[in-house]
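Engineer: sequence first, predicted model second:
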Amino acid sequence: MKRRTFLGGAMAVAVVGHGSSAFAQQPPIKIGMSMPQTGGLAGGGKASLLGIEIWRDDVNAKGGLLGRKVELVVYDDKSSASETPAIYAKLVDVDKVDLLFAPYATVPTAPIMPFVKQRGLLLMGNFSFQVNSKVGHDMWFNNAPWGPADSWAASFLDLAQKAGGKNMALLTADQEFAQNLALTARDVAKKRNIPVVFDQVYPPNTVEFSSIIRALNAAKPDIVYVASYPPDSAGILRAVNEIGVGDNVKIFGGGMVGLQFAAVMSNLGSLLNGVVNYNTWLPEKSMYFEGTKEFFDKYTKRAIEAKVDPLGYYLAPFGYAMGQMIEAAVNSTKSLDQKGIAKYLRENEHKTIVGPIAFAADGERKETATLQAQFRGVKDKDIEQFRSPGKQVILFPEKLKTGELISPFEAARK
Amino acid sequence: MFSIDLLLGAVVLGVLLGCFYAAVSVGLSVSFGLLDVPHVAHPAFLVLASYGVYQLNESYDIDPLLAGLAITPLFFLFGLLAYRTYHETFEKRGSDAAVRGIAFFFGIAFIIEVLIILQFGVDQRSVTATYIGKSWRFGEMRIPIRQLVAFAVALTLTALLAVYLSKTFMGRAIRAVAQDEEALRLMGANPVRIKQYAFGIATAVLGIAGALLIIVAPVEPTLDRAYIGRTFCVVVMAGLGSISGTLIAAIILGVAESIVLTLFGASWAPAISFAMLLGVLAVRPQGLLGR
């Protein structure tokens, strides 16, 4: 377990020239978290951390919080659920941090939920999916745009049904996040009388997807809903390109993690065309709010140095937004009292660089802002193309929409 | 959902997948099977080789297979160095070398993983070649060309290695050191040098195997963990040190995995390799073609 204490903000404060004397007199406000910096989730974890670091530097440049410098205490959880309980116990009992941010992703977050609930601690969630649904912690606030549990599958199936889809195939990874997605997809399909003609759960470390795609093809589905994790998403799309999924497929994708990351997008290039997949932020006209452009200017510069995702759309701005919400809550309540901060977060709408955020009682967004977007006109081996609008056309939600679905899937791939 | 077409497709894809498993396991068959070196860093070496191939493909647009060939001499030297270090620090110091050797190779594997992360970052990397992402159509069936390439290269690689170990002087010396190190010493040969050379060859083979790994699927720094079980399973099931056994075991495993993935559900696939291993060991404790 490696400890990294970040002091970079001090330099920015010195340059700006205010707040530095107060910083010297008072201890910093410590925000503790684990973050996947190695292992399968590291690509996302590092980008998310950079977003949070940019917020820390910005807030310190403005004089910190309550006149105190903000310091991050970060440990690498190696993308592993078995590491996080011990890390969070240490953050609270040994490092005595003032506030907690959750690690990126569902798998490392799930095991710390009972701990924070038992201790009555505020936890800012970082892109977990439904980790609080059974725990019911009232001091949990997820920065992700997911919204109500079934909205993710519902929005995809809305598009699918409009395109004439009548039955569904489900291909999901055997892990927490994907299974949660699959569960809601089965529920929504049942409510709408959409028969599930193929339902396969594949284990992590599956090397070759050709056999699975052949079996999927044989079921002749109209709708293919995939909930996969980064190492597998590329393998699945490659196999789809080679084996084919049949002309009857109206829409393909839904919950493929990995297709939001620059390296994967660049590697897959034209194989992405036609896939409709979830996303959180895209460089489309409808997605720019106060501070969004400035954030990405900073991120783009620092991403090269930090060797993280050069685009950083998926997680980084939400890491920043998480900081913005804490900043607003601490400044408004003028305290670090976690119950007070939680109350503020629950009762107000928060302006962030990813748009306004309001929380429901379960700590998830009141309304979903998860995008369903279709890849169009993507060329091979060109990261820069993804900075322009039009490469991922937003189909949902209605108020952020920038185009219509092209269907069937095979037609959209051309 | 059973159909003869599906079964046939599963068998064909399984044979191709099996040959790929053979290619990534055959080096271990030499280092662990013949030399008794507890080489748990074998998959880490493999991933390192695929990053070497990636670098050459990305920077100079060299075909991944040629890039794999190009790094083979470097990997041979790397193998010589790794074995010499292992021998000096662990093997020659006592009878429990194997147990302590596991710690040594685990350490090496972690160091390689971290070095790859420092150099390339944590993202997935893949290569481009004309045969990646395309397929050949045989009637109703489509077969990924990258799998056919892996199949052909794997067959050639195992055949060459089998011929080398059985027909050449050095190959026979390697087999001799595996059978009776002491007898070889009494005949005036230096078993450590022979083992070092053999380990070099086992590592050099990974240059090509690493190319196949990144041709078949994208790689990321921790991918070695996915292969550690599979490669050891193939080598033990084959019968320690048997190169042709490695090919047969890998194909059996690939076909079984593919049939399970296609017809019975993907969740069962990881259990297949170890269930088959246990089954084979129960009937033939020495493995399929073991000594």
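Structural biologist: Sure thing, it's come through. The structure presented is a predicted model; accordingly, all values stated were derived computationally and were not measured.

Engineer: element containing residue 215?
Structural biologist: Chain wasn't specified; assuming chain A. Following DSSP states H and E, one finds A:A215 within helix A:210-218.

Engineer: sorry, I should have been clearer: chain B.
Structural biologist: Here B:I215 sits within helix B:191-216, counting by DSSP H and E.

Engineer: how far off centre is that helix?
Structural biologist: 9 Å (C-alpha atoms, centre = their mean, to the nearest Å).

Engineer: does chain A have contacts with it?
Structural biologist: Yes. Helix B:191-216 comes into contact with chain A (C-beta under 8 Å from any C-beta of the partner chain), by way of B:V216. Bear in mind the C-beta positions are built from the backbone N, C-alpha and C, glycine included.

Engineer: who are the packing partners of that helix?
Structural biologist: Packing partners of helix B:191-216 (3 or more C-beta pairs under 8 Å, 6 or more residues apart in numbering or on different chains; DSSP states H and E): helix B:4-28, helix B:42-60, helix B:64-89, helix B:145-167, helix B:169-179, helix B:181-186.

Engineer: want to throw the ones you listed into CSV with mean pLDDT, distance to A:A218 and mean neighbour count?
Structural biologist: CSV is the format used below for the helices and strands packed on helix B:191-216 (pLDDT from 0 to 100; distance: least, C-beta to C-beta, whole Å; neighbours: other C-beta atoms under 10 Å in any protein chain shown):
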stretch, mean pLDDT, distance to A:A218, mean neighbour count
helix B:4-28, 91, 6, 24
helix B:42-60, 96, 32, 24
helix B:64-89, 95, 32, 19
helix B:145-167, 92, 19, 18
helix B:169-179, 88, 46, 16
helix B:181-186, 82, 54, 13
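
Engineer: closest one to chain A among the ones you listed?
Structural biologist: Among the helices and strands packed on helix B:191-216, helix B:4-28 comes nearest to chain A, with 5.1 Å by C-beta to the nearest C-beta.

Engineer: the residue of the stretch 51-200 of chain A at minimum distance from chain B: what's it in contact with?
Structural biologist: Closest approach between the stretch 51-200 of chain A and chain B, counting by C-beta to the nearest C-beta: A:Q200, at 5.3 Å. Listed by C-beta atoms under 8 Å, 6 or more residues apart in numbering or on different chains, the contact set of A:Q200 reads A:L170, A:L171, A:T172, A:I212, A:A215, A:L216, B:G265, B:A266.

Engineer: among the residues you listed, which two are most distant?
Structural biologist: Spatially, the most separated pair among the contacts of A:Q200 is A:T172 and A:A215, at 14.0 Å (C-beta to C-beta).

Engineer: neighbour-wise, which of these two wins?
Structural biologist: Neighbours were counted for A:T172 and for A:A215 using other C-beta atoms under 10 Å in any protein chain shown; A:T172 has more, 27 against 23.

Engineer: what secondary structure does the more buried one sit in?
Structural biologist: Under DSSP: H, G, I helix; E, B strand; the rest coil, A:T172 falls in the strand class.

Engineer: identify the bridge partners of it.
Structural biologist: Taking DSSP bridges as the rule, A:T172 bridges to A:V201, A:A227.

Engineer: pLDDT at it, what is it?
Structural biologist: Model confidence at A:T172, expressed as pLDDT, equals 94.

Engineer: if I pick it, what's in contact with it?
Structural biologist: Taking C-beta under 8 Å, 6+ apart, one finds A:A178, A:Q179, A:L181, A:A182, A:Q200, A:V201, A:Y202, A:V226, A:A227, A:S228, A:G255 in contact with A:T172.

Engineer: select only the buried ones of those residues in ChimeraX?
Structural biologist: A single ChimeraX command is used to select the members of the contacts of A:T172 judged buried by 16 or more other C-beta atoms under 10 Å in any protein chain shown:
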select /A:178,181,182,200,201,202,226,227,228,255
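
Engineer: ranges for the strands of chain A?
Structural biologist: For chain A, the strands defined by DSSP state E occupy A:3-5, A:29-35, A:70-76, A:99-104, A:123-126, A:140-142, A:168-173, A:196-202, A:223-228, A:251-256, A:276-279, A:371-375, A:392-396.

Engineer: residue ranges with poor pLDDT in the stretch 101-250 of chain A?
Structural biologist: Under the criterion pLDDT under 70, no range of the stretch 101-250 of chain A is flagged.

Engineer: what does it put close to chain B?
Structural biologist: Residues of the stretch 101-250 of chain A lying near chain B by C-beta under 8 Å from any C-beta: A:174, A:198, A:200-208, A:210-212, A:214-215, A:218-219, A:230-231, A:234-235, A:238-239, A:241-244.

Engineer: among the residues you listed, name the buried ones.
Structural biologist: Buried subset of these (neighbour count, 16+ other C-beta under 10 Å): A:174, A:198, A:200-203, A:205-208, A:210-212, A:214-215, A:218-219, A:230-231, A:234-235, A:238-239, A:241-244.

Engineer: near chain B, which residues of the stretch 251-400 of chain A?
Structural biologist: Residues of the stretch 251-400 of chain A lying close to chain B by C-beta under 8 Å from any C-beta are A:G258, A:F261, A:A262, A:A263, A:V264, A:N267, A:L271, A:K307, A:V308, A:D309, A:D380, A:K381.
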